[in-house]
Every structure is written in structure tokens, then in C-alpha cells.
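Visitor: Mind folding the following:
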Amino acid sequence: MNQKKNTKCRRGKNLMKKSYELSVLCGLHVNVIIYNPKNNKMQEYSSSAEFTLDKLHEIINADKAPATNGAKARPL
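Guide: Numbers count the residues shown, from 1 in each chain. Below you'll find the model as predicted:
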């Protein structure tokens with residue numbers, strides 16, 4: 001069981017590292033959230049200080065709202 005936990009932790013760190021590299025190399029704003037429902041624990045990486053969890057919820061809720069004037073909702 002301990003080996004599984006170490007593997008999960010290592011993969012999470014590698015995912016954060018790759019997200020950082022993607023944001024630097026491609027000039028993208030990257031936000032990664034890793035949630036563990038077993039421990040009710042969340043890790044977050046954001047390449048932009050302005051991009052917070054509240055901003056993420058705002059974007060998600062805007063996509064769920066019906067489009068007006070035939071315009072499509074903005075994809076993530």
C-alpha cells in the first residue's frame with residue numbers, strides 16, 4: 001500500500017512539473033487541480049496568480065449558462 005501512495009505522490013509532482021513546462025514553453029495559462037476524495041485533500045498549481053479557484057468556478061458556470069443571440073458558450 002505504501003508503494004501505491006508513493007507512486008501517486010510522484011505522479012502528482014510530475015504532473016505539476018509538466019504543467020509548469022507547458023506554461024513556460026507555450027506561453028499558456030495552466031491551472032491543475034488534483035483532488036483526493038479519500039483524504040478530502042486538494043493540490044493546486046496555477047501558472048497565473050490571477051487565476052484562482054473562484055475564477056475557475058466563474059468560467060465553468062458561464063459555460064453552463066444558456067447562450068444568447070445564437071452565440072456559443074466559450075470552451076475551456
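
Visitor: use CA for all of it now, contacts and neighbours both
Guide: OK.

Visitor: List the buried residues in the lengthiest helix in the chain.
Guide: For the chain, the longest helix by residue count, based on DSSP state H, is helix 2-26. Neighbour counts using 16 or more other CA atoms under 10 Å place 16, 19-20, 23 of helix 2-26 among the buried residues.

Visitor: Same question for stretch 37-57.
Guide: Under 16+ other CA under 10 Å, the buried positions of stretch 37-57 are 45-47.

Visitor: Can I take it that residue 45 is in a helix?
Guide: No: counting by DSSP: H, G, I helix; E, B strand; the rest coil, residue 45 is not part of a helix but strand.

Visitor: which residues sit in contact with it?
Guide: Counting by CA atoms under 8 Å, 6 or more residues apart in numbering, residue 45 touches 16, 30-33.

Visitor: Repeat the analysis, applying 6 Å as the threshold.
Guide: When contacts are counted by CA atoms under 6 Å, 6 or more residues apart in numbering, residue 45 touches 31-32.

Visitor: how close does it sit to residue 53?
Guide: 10 Å (CA to CA, to the nearest Å).

Visitor: Residue 43 too?
Guide: 11 Å.

Visitor: secondary structure class for the most centrally placed residue in the chain?
Guide: Most central in the chain under CA atoms, centre = their mean is residue 32, positioned 2.6 Å from the mean C-alpha point. When classified by three-state DSSP, residue 32 comes out as strand.
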